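Asker: got a predicted model here, sequence first, then my questions.
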Amino acid sequence: MIAKFLGILCSPIARSVTGAGSKIPLMTFDGFGANVLDFFARLKKDNTKAFFDANRGLYETTIRQPMEDLLAEAEAKYGPGKITRPNRDVRFSANKDPYRTTAAMWAGSVGGVYLSLTLEGLEVGGGLYDPTRDQLARARTAIDSQPLAAAKLTDIVADLTGQGFDMAGPSLKTAPRGYDKEHRSIELLRLKHFAALVKLPVDVPRATVFEAWEQVQPLSTWADKYIGPALSLP
């Protein structure tokens, strides 16, 4: 899910949700309700503009508004962010459904935090996903030439996987070009992303979301220190 999200980031969004002639004021994120997925379940059965327009108010109050509230809090702590649009780009897709049955947000700089809402529940985490070529090269150089950097990343990955997170993947099946497949840190060198996610029930309290984001902060800190901002396109 995170791959699809980062490939379709929309332009910076407004800080309020506009309904039929009115604006819903920004509020503190208080979690998603247990019935938040009802809209997506119904949309999956009737993925049409007629259905979406008739139920736009439900989408805005149960999905978009909580995402707006969550993003505002995330941006205040982690940096600028975005939310996916509900519309799909169907120009080059065999699937012509006009709307997504998911919603997602991201906030940060080099590394950041992420949350997606799907019919299966929440995916929450962060780090650096889909680094550019220069970022990936710097990460591998650090892992290869700085034992402390490799040791720190090893500990971070072990801590996160021990807490139920999965590293974003897939990794390379073999050693990256120029590195020995018997390298002492080959598992780290094979990483293509430096992000981790955990699956959570959709109705977890807000504290659980922010706790998950704090758990992945060492990964973002590592990326900030040893990788840095992108200097090229992905």
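Answerer: That came through fine.
Asker: where does the chain have its least confident helix or strand?
Answerer: strand 17-18 (a mean of 37; mean pLDDT, DSSP states H and E).
Asker: where along this protein do the helices fall?
Answerer: 2-7, 38-45, 49-54, 56-59, 65-78, 133-145, 147-162, 186-189, 206-215, 217-226 (DSSP state H).
Asker: mind putting the ones you listed into a markdown table with mean neighbour count, distance to Thr28 and mean pLDDT?
Answerer: Heads up, the C-betas are built off the backbone N, CA and C, glycines and all. Shown next, in a markdown table, are the helices of the chain (neighbours: other C-beta atoms under 10 Å; distance: least, C-beta to C-beta, whole Å; pLDDT from 0 to 100):
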| stretch | mean neighbour count | distance to Thr28 | mean pLDDT |
| --- | --- | --- | --- |
| helix 2-7 | 16 | 24 | 49 |
| helix 38-45 | 15 | 22 | 95 |
| helix 49-54 | 12 | 27 | 97 |
| helix 56-59 | 15 | 20 | 94 |
| helix 65-78 | 19 | 6 | 96 |
| helix 133-145 | 18 | 34 | 97 |
| helix 147-162 | 15 | 27 | 98 |
| helix 186-189 | 18 | 38 | 98 |
| helix 206-215 | 17 | 8 | 96 |
| helix 217-226 | 20 | 21 | 97 |
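Asker: any chance of CSV for those helices, columns distance to Ala103?
Answerer: CSV is the format used below for those (distance: least, C-beta to C-beta, whole Å):
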stretch, distance to Ala103
helix 2-7, 9
helix 38-45, 8
helix 49-54, 13
helix 56-59, 9
helix 65-78, 6
helix 133-145, 27
helix 147-162, 24
helix 186-189, 32
helix 206-215, 14
helix 217-226, 22
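Asker: which of those sits closest to Thr118?
Answerer: Smallest distance to Thr118 across those (C-beta to C-beta): 7.8 Å, for helix 38-45.
Asker: which elements pack onto that closest one?
Answerer: Packing contacts for helix 38-45, counted by 3 or more C-beta pairs under 8 Å, 6 or more residues apart in numbering; DSSP states H and E, involve helix 49-54.
Asker: for the residue positioned nearest the centre of the chain, give its distance to Phe194.
Answerer: Closest to where the C-alpha atoms of the chain average out (C-alpha atoms, centre = their mean) is Tyr114, at 3.2 Å. Plainly put, Tyr114 is 13 Å away from Phe194 if you go by C-beta to C-beta, to the nearest Å.
Asker: who touches both of these two?
Answerer: Contact criterion C-beta atoms under 8 Å, 6 or more residues apart in numbering; residues shared by Tyr114 and Phe194: Tyr129.
Asker: out of the helices of the chain, which comes closest to Ala168?
Answerer: Closest of the helices of the chain to Ala168 is helix 2-7, at 6.1 Å (criterion: C-beta to C-beta).
Asker: what is the neighbour count of the closest residue in space to Gly164 that isn't next to it in sequence?
Answerer: Excluding the flanking residues, the one nearest Gly164 by C-beta to C-beta, 6 or more residues apart in numbering is Val198, at 5.3 Å. Here the number of neighbours of Val198 (other C-beta atoms under 10 Å) works out to 17.
Asker: so Val198 makes contact with Phe165?
Answerer: Yes - between Val198 and Phe165 there is a contact at 4.7 Å, judged by C-beta atoms under 8 Å.
Asker: joint contacts of those two?
Answerer: Gly125, Gln215.
Asker: ok, back up a step: nearest to Phe92, out of the helices of the chain?
Answerer: That would be helix 2-7 among the helices of the chain, by C-beta to C-beta, at 12.2 Å.
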